[in-house]
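Asker: coords below, sequence missing:
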């Protein structure tokens, strides 16, 4: 019975996608054949390949990309790929009832005629989004009655891959320093204030009069670290006093440790107002430093340096717990990228009250054509993010984040934001980090790091653990 999905691909260029696809098809219950010796860098045995295509395959999937073309012989398909295509064509000729036996998975922007008859074959687009391409492929399988086995089974292919690649990087006992993406606050005012006005119009008028002071507005409430706001406004040559109906002083320590109130402002309301105030504080720091920002799909802002905020593009930073004699490291936070223009390292921030008071920082890549304004073509941005991002490993993301934070230090080696007439908010000069007694060796090659991951369509991000730094026990 022909019940197998045979996957043909260029090795090693398209290994990443092929293993991603094979593992997901197996998890969905399909029987998948892929040459594991090729993936390991060994010699593929034609006898096994021929038997699989001729006698076992229900479908032959060709990962169709520019990588199947022989670079030394322009216009020709790589020898191994061509043999598999020719064999699949032969099987179809001998079995006319086979419908769409050979399916092309269009992985990039290659033309539809890389080899004779390719433009006449069924091609499923994977170039924009792997998940959408997989959905179309599964619809085709359902239509053509491709058999399934146990839909709840574990992927034996994934297990094989993990055993052969990642077992060498198992957890071992050694001292390591792990970095988070938590950027914490060292100091801030002991309390903040919520000013509640009779109506929203009054709140807006007062907020406008205090535009030089850090304050946020929410409906008929203004939140600020500054108690002595200006409560007067001029209207038709007349000075009007707009005193708030209520003023609430909230101690930060109580909000973090034991604030309980059933009437306004409740714990949730106080936390939300406080988070909004913290986020506004950081926005003012970035704006003061002349950073640009780009709106993400979730409406959050990704901030990035340009030549206006950082003329040299390069920032010096140091690792924590290093000797004072150790030299600082330097990192470029933006630079030229292909014919697009420039790439920029960017961050978005989300205030957090626990486990530390500060911000959860997410890392992104932004592209500009003029070095200032972010590109607006979503598909182009996504394509370049994947190309640039998949060549950036953990250490790269870690160093970019450390350099970004270090770029805001003043002459006193502090990151300080003026938030009231009498006090500043001071950020830590680096992210939080943790020592561990156990660790592992990072795989360095691309295919081993990204096989079982798929970049988010809108942003490249590093959650809680950004990276780790190996420490010599000696």
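Answerer: Structure's in. What do you need? These numbers were taken from a predicted model, which means no experiment stands behind them.
Asker: now the helices for the stretch 351-474 of the chain?
Answerer: 378-389, 394-406, 446-450 (DSSP state H, counting those that start in this stretch).
Asker: okay, now the domains of this protein?
Answerer: When the chain is parsed with automatic domain parsing, its domains come out as 4-168, 182-470.
Asker: closest to residue 174 out of those domains?
Answerer: Using Cβ to Cβ as the measure, domain 182-470 is the one of these that comes nearest residue 174, at 5.1 Å. C-beta coordinates here come from the backbone N, C-alpha and C atoms, glycine included.
Asker: would TSV of the helices of the stretch 351-474 of the chain with mean neighbour count be doable?
Answerer: Below are the helices of the stretch 351-474 of the chain laid out as TSV (neighbours: other Cβ atoms under 10 Å):
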stretch	mean neighbour count
helix 378-389	16
helix 394-406	21
helix 446-450	17
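Asker: as TSV, these with mean pLDDT would be great.
Answerer: Shown next, in TSV, are the helices of the stretch 351-474 of the chain (pLDDT from 0 to 100):
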stretch	mean pLDDT
helix 378-389	83
helix 394-406	95
helix 446-450	42
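Asker: between those helices, which gets nearest to residue 325?
Answerer: Nearest of these (Cβ to Cβ): helix 394-406, 18.6 Å.
Asker: what about residue 368, how many residues nearby?
Answerer: 20 (other Cβ atoms under 10 Å).
Asker: equivalent analysis for residue 338, please.
Answerer: Using other Cβ under 10 Å: residue 338 sits among 10 other residues.
Asker: quick check: closest non-adjacent residue to it.
Answerer: Spatial nearest neighbour of residue 338, excluding adjacent residues (Cβ to Cβ, 6 or more residues apart in numbering): residue 384 at 7.6 Å.
Asker: ok, back up a step: pick out the shakiest of the domains of the chain, pLDDT-wise.
Answerer: With a mean of 84, domain 4-168 has the lowest mean pLDDT of the domains of the chain.
Asker: how distant is that one from the center of its chain?
Answerer: 28 Å (Cα atoms, centre = their mean, to the nearest Å).
Asker: any chance of the helices of the stretch 351-474 of the chain in JSON lines, plus distance to residue 335?
Answerer: Formatted as JSON lines, those follow (distance: least, Cβ to Cβ, whole Å):
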{"stretch": "helix 378-389", "distance to residue 335": "10"}
{"stretch": "helix 394-406", "distance to residue 335": "11"}
{"stretch": "helix 446-450", "distance to residue 335": "20"}
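Asker: now the strands for the stretch 101-250 of the chain?
Answerer: 102-106, 123-125, 172-180, 182-187, 191-196, 215-218, 221-224, 232-235, 238-241, 246-251 (DSSP state E, counting those that start in this stretch).
Asker: buried stuff in the third one?
Answerer: So that's strand 172-180. 176-180 (16 or more other Cβ atoms under 10 Å).
Asker: return the member of the residues you listed nearest to residue 339.
Answerer: Proximity of the buried residues of strand 172-180 to residue 339 was ranked by Cβ to Cβ; the top entry is residue 179 with 33.8 Å.
Asker: correct me, but the closest one touches residue 397?
Answerer: No: assessed by Cβ atoms under 8 Å, residue 179 is found out of contact with residue 397, at 9.4 Å.
Asker: in a strand, that's where residue 283 is, yeah?
Answerer: No: assigned with DSSP: H, G, I helix; E, B strand; the rest coil, residue 283 falls outside any strand and is helix.
Asker: coming back round to it: so which of the helices of the stretch 351-474 of the chain gets nearest residue 22?
Answerer: So among the helices of the stretch 351-474 of the chain, helix 446-450 is nearest, using Cβ to Cβ, at 12.8 Å.
Asker: I'm done for today, thanks for sticking with me.
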